[in-house]
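[1] Turn this into a structure:
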Amino acid sequence: MQTPDRFKTLDRDRFDVIVVGAGIGGLTAAATLANRGKQVLVLDMHYEMGGCATVFHRKGKDYEFDVGLHYIGDCGREGLIPRILKGAGIDYDEIDFLEQDPEGFDTLCFPDFQFGIPRGYARFREKLLAEFPQERKGIDRYFRMLQQVWDFMGIHSRPISALWVLPRSWMLMRHAKSTVEQFLDTCTRNEKLRAILTGQLGVYHQPPSRATMAGHAAVVNHFLQGSYYPSGGGQLFSDKLGAVVERNGGKILLRTKAERIVVENGRAVGVEFTNKHLGRRVVKAPAIICNADLKHTLLGLIGREHLKPETVRRAETFEMSPAMGVVYLGVDMDLKAMGLKNTNYRIYPGYDYEKGYSDIFAGRFPEHPHLFIGNATMKDPHNPAIAPPGIYNLQLMSAVPSDPASWGLTAAEVKDGSYRDNPVYLAKKDWYAKQLIEMAERVIPGMSKHIVYQEVSTPFSVTRFIGSEGGTSYGLAFTPEYFLHNRPGTKTDVKGLYLCGASTRTGHGIFGAMTGGVEAAAAVAGSKLRYEVMDGVKRAEAAQPVAA
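    Residues are numbered from 1 along each chain as shown. So this is what the prediction gives:
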């Protein structure tokens, strides 16, 4: 079968739906609609579709690095992710979901202590009680909160369940606007236990004093269903979703910049774009789904004149999540023989997470950052594209300041792209890499002497390729002020224009963005679509948290 052109041709100017932004949320929406007969056009500024769900290659094809999918939860046959993919026309058996170590898919590494977070509520609770037998009451309270959030999440796809869920959700209702710190104050004062219960904060990059407790519980629930990696990485999801669009008569056009949403009489009717080969063109559709950066969408693509004054005021003051820096490595060591497991190592300088994040919010690099180590070779061991034989593919990442001045740059350099040659910036990248590598040697001793490939990504790389505000991959800040109905929903002030992506109500991450894609598709095709795709009756019955 001939590969469709995704760069140079567009043979029509009218579609049923136009999706702006080929991130995983936009692709999910596009494929879900295409699978139901809609003719869909997808536009994206990058040369690859997928947004953060992409891979890139180096040294020819010797190395393959995943940009944003480092692990994902709930991928059992009846899980959330497979159900979304099925709704888009992709069978479960088309993807090889590889589970990480079920006894510790996340390993929290403190200076004097390690703790592996296992799959399953019962096993997690059992490990906590074995380590902290005197904290049973607080641990049980924490798990009751997880249970109530889990049940509440099911209302989204099965509204009738609200009849019996809401009366039993008193703890969630009371703490719906609480931070993680505020809720944990009602459970335990044990510093070490609190650090374990919040040790996955790197999934949303907010400290306990600011993170939403309800959101934190949703994240924990997601991964306790099992932690997986799809063989082939995030690009596999994106490629399969894109293929659904194209085989159903849709079109994907990359290297294409959306310039504005065309609004007539208060309704979105099309998109004006520029493309090197096609010039400036306008395409029309009765429904537009925007998966681009939220702030740029509202204040740039739509335009203030088409929005309510309160929408404009809110958009102008949006707080985004912190950005990340990533060090991509090839290491000629046998890490499996050294005893490393198929787990994500999260290295912390101590049990108090507040200092590191206060530095970042102030535009400073922490003296002792929180480090995440992803081991692609162990997650996807039979993928020959990961690295040359005998080389382990690693990613070291941490939250970093996104202010250009923190990296020795000006905003003008970032905007025109000249920042990449700034010697101060290059020196800062080198310093940052050395800092993370030194921390990683707590888990991989001597690693610095075995690095055969190294590359550093900064927030400006993310902005350059996917256009996100401040280089964040996580959208709006994961705080009570920006959670659930405090985040933008699918519908906008403009009729026929819908949103999806990391900053919308379903949340960030691969799972949040894909769920948001289903929501956007349902806004176009009718709410029945959501229930067809998302109904989790079998899943909820099969994966209940333990009663504490």
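
[2] only C-alpha atoms for contact and neighbour calcs from this point on.
    Noted.

[3] how about the residue of the chain positioned farthest from its centre, phi and psi?
    Distance from the C-alpha centroid of the chain, by Cα atoms, centre = their mean, peaks at Q134 (35.9 Å). Main-chain torsions, Q134, degrees, to the nearest 10: phi -80, psi -10.

[4] show me the contacts for it.
    Shown in contact with Q134 (Cα atoms under 8 Å, 6 or more residues apart in numbering): no residues.

[5] Outline the domain layout of this protein.
    17-96+231-318+479-540, 121-224, 322-470 (automatic domain parsing).

[6] Comparing the ones you listed, which comes out most buried?
    domain 17-96+231-318+479-540 (a mean of 21; mean count of other Cα atoms under 10 Å).

[7] what separates it from the chain centre, distance-wise?
    13 Å (Cα atoms, centre = their mean, to the nearest Å).

[8] Average pLDDT for it, rounded please.
    When pLDDT is averaged along domain 17-96+231-318+479-540, the result is 94.

[9] how near is L184 to W150?
    18 Å (Cα to Cα, to the nearest Å).

[10] Can you tell me what sits against stretch 2-15?
    Contacts of stretch 2-15 (Cα under 8 Å, 6+ apart): 39-41, 246, 251-256, 275-278, 282-286.

[11] Go again with 7 Å.
    The set of residues external to stretch 2-15 that reach it, using Cα atoms under 7 Å, 6 or more residues apart in numbering, is 39-41, 252-255, 277-278, 283-285.

[12] mind checking the end-to-end distance for stretch 466-484?
    Span of stretch 466-484 from end to end, Cα to Cα: 24 Å.

[13] Distance of the closest residue to N291 other than its chain neighbours relative to C52?
    Distances taken as Cα to Cα, 6 or more residues apart in numbering place G21 nearest to N291, at 4.7 Å, with adjacent residues excluded. Look at G21 and C52: by Cα to Cα, they are 11 Å apart.

[14] list residues touching both of these two?
    With Cα under 7 Å, 6+ apart, G21 and C52 have no common neighbours.

[15] Determine the longest helix present in the chain.
    helix 136-155 (DSSP state H).

[16] and it, what does it pack onto?
    Applying 3 or more Cα pairs under 7 Å, 6 or more residues apart in numbering; DSSP states H and E, we find helix 136-155 packed against helix 162-165, helix 170-174, helix 213-224.

[17] mind checking which of these is nearest D106?
    helix 213-224 (9.6 Å; Cα to Cα).

[18] Contacts for the next helix or strand after the closest one, please.
    Once the chain leaves helix 213-224, the next helix or strand it forms, by DSSP states H and E, is strand 227-230. For strand 227-230, the external contacting residues (Cα under 7 Å, 6+ apart) are 71-75, 95-100, 105, 379.

[19] So which of the residues you listed sit within strands?
    72-73, 97-99 (DSSP state E).

[20] Closest to A214 out of those?
    A214 lies nearest to G73 out of the ones in strands among the contacts of strand 227-230, by Cα to Cα, at 17.5 Å.

[21] contacting residues for that closest one?
    Shown in contact with G73 (Cα under 7 Å, 6+ apart): 222-223, 225-228.

[22] now these in JSON lines, with distance to P445 and pLDDT?
    Output for the contacts of G73, formatted as JSON lines (distance: Cα to Cα, whole Å; pLDDT from 0 to 100):
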{"residue": "H222", "distance to P445": "32", "pLDDT": "94"}
{"residue": "F223", "distance to P445": "29", "pLDDT": "95"}
{"residue": "Q225", "distance to P445": "32", "pLDDT": "94"}
{"residue": "G226", "distance to P445": "29", "pLDDT": "94"}
{"residue": "S227", "distance to P445": "26", "pLDDT": "96"}
{"residue": "Y228", "distance to P445": "27", "pLDDT": "97"}
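
[23] what would those look like in JSON lines with distance to T32?
    Shown next, in JSON lines, are those (distance: Cα to Cα, whole Å):
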{"residue": "H222", "distance to T32": "22"}
{"residue": "F223", "distance to T32": "24"}
{"residue": "Q225", "distance to T32": "24"}
{"residue": "G226", "distance to T32": "25"}
{"residue": "S227", "distance to T32": "24"}
{"residue": "Y228", "distance to T32": "23"}
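
[24] Which two among the contacts of strand 227-230 are spaced furthest apart?
    Longest span within those, Cα to Cα: I95 and F105, 20.0 Å.

[25] Just to check, I252 is in contact with Q39?
    No: the criterion here is Cα atoms under 7 Å, and I252 misses it with Q39 at 11.2 Å.

[26] so how far is stretch 347-365 from its chain's centroid?
    For stretch 347-365, the distance to the chain centre is 21 Å (Cα atoms, centre = their mean).

[27] what's the average pLDDT for that stretch?
    96.

[28] now the end-to-end length of that stretch.
    End to end - Cα to Cα - stretch 347-365 spans 16 Å.

[29] how far away is T188 from V180?
    12 Å.

[30] contacts for the helix or strand containing M324?
    If you go by DSSP H and E, M324 is part of strand 323-331. The contact list for strand 323-331 (Cα under 7 Å, 6+ apart) reads 391-402, 433, 450-459, 470-473.

[31] what's the answer for stretch 174-189, then?
    Contacts to stretch 174-189, defined as Cα under 7 Å, 6+ apart, come from residues 138-139, 141-142, 208-214, 480.

[32] ok, so of the residues you listed, who is nearest A385?
    A211 (37.2 Å).

[33] so who does the closest one touch?
    179-180, 478-480.

[34] if you set the cut-off to 6 Å instead, what comes out?
    179-180, 478-479 (Cα atoms under 6 Å, 6 or more residues apart in numbering).

[35] Need those residues in CSV (columns: distance to K192 and secondary structure).
    As requested, these are exported to CSV (distance: Cα to Cα, whole Å; DSSP: H, G, I helix; E, B strand; the rest coil):
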residue, distance to K192, secondary structure
T179, 18, strand
V180, 15, helix
F478, 23, coil
T479, 23, coil
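
[36] Widest-spaced pair of those?
    Farthest pair in the contacts of A211, by Cα to Cα: V180 and F478, 11.0 Å.

[37] how close does M439 sit to G89?
    43 Å.

[38] mind listing the strands for the stretch 1-150 of the chain?
    According to DSSP state E, counting those that start in this stretch, the stretch 1-150 of the chain carries its strands in the segments 17-20, 40-43, 55-58, 63-66, 72-73, 97-99, 106-110, 113-117.

[39] what about these, which gets the closest to L298?
    The nearest among these, by Cα to Cα, is strand 17-20 at 12.8 Å.

[40] In the sheet, which strands lie alongside the closest one, parallel or antiparallel?
    strand 40-43 (parallel), strand 287-290 (parallel) (DSSP bridges).

[41] possible to save those as CSV with distance to I347?
    Shown next, in CSV, are these (distance: least, Cα to Cα, whole Å):
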stretch, distance to I347
strand 40-43, 39
strand 287-290, 37
